[in-house]
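>>> output the structure for:
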Amino acid sequence: MILQQKKEEMFASVAEWKRSSMTKGAYAQLMGISKSKFEYWVRKVRETAISSGDFPGFVEMRHLAKPIPLPEVETASGELPTPGAQVVLTFPGGLCLKIYG
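Sure, this is the predicted structure:
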């Protein structure tokens with residue numbers, strides 16, 4: 001099998017796995033390959049998306065259908081947080097989600 005065909009199969013398999021609700025291990029077993037080999041494919045697809053610019057670096061969500069009410073949560077000192085406070089979630093791989101309230 002030529003390299004380009006193998007790459008296309010790899011990308012298609014990763015896309016199919018993303019649409020499924022299966023774990024990487026379960027999907028790899030279904031495909032008849034090792035989990036580590038499938039994880040390698042997932043990594044390669046992600047690296048290709050990042051290097052080609054297909055991977056969003058920043059997504060701004062300005063226009064929500066209706067505002068999402070946030071519960072009033074007291075801080076450790078017993079005070080309510082200021083209106084400009086933000087929640088920052090940083091995920092493995094560098095993805096950062098900032099929520100302003």
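>>> so residue 49 is in which element?
Using DSSP states H and E, residue 49 falls within helix 35-52.
>>> pull out the buried positions in that helix.
38, 41, 42, 45 (16 or more other CB atoms under 10 Å). Where C-beta positions appear, they are placed from N, C-alpha and C, glycine not excepted.
>>> same check on stretch 18-38?
Residues of stretch 18-38 classed as buried: 27, 28, 38 (neighbour count, 16+ other CB under 10 Å).
>>> for the second one, which non-adjacent residue is closest in space?
Once its chain neighbours are removed from consideration, residue 28 has its nearest residue in residue 38; the separation is 3.8 Å (CB to CB, 6 or more residues apart in numbering).
>>> show me what contacts the one you found?
Contacts for residue 38 were tallied using CB atoms under 8 Å, 6 or more residues apart in numbering; they are 13, 17, 24, 27, 28, 31.
>>> just the pLDDT at it, thanks.
pLDDT recorded at residue 38 is 91.
>>> still on that earlier bit, what is the very next helix or strand once past the helix holding residue 49 packed up against?
Tracing the chain past helix 35-52, the next element assigned as helix or strand by DSSP H and E is strand 86-90. Contacts defined by 3 or more CB pairs under 8 Å, 6 or more residues apart in numbering; DSSP states H and E place strand 86-90 against strand 96-100.
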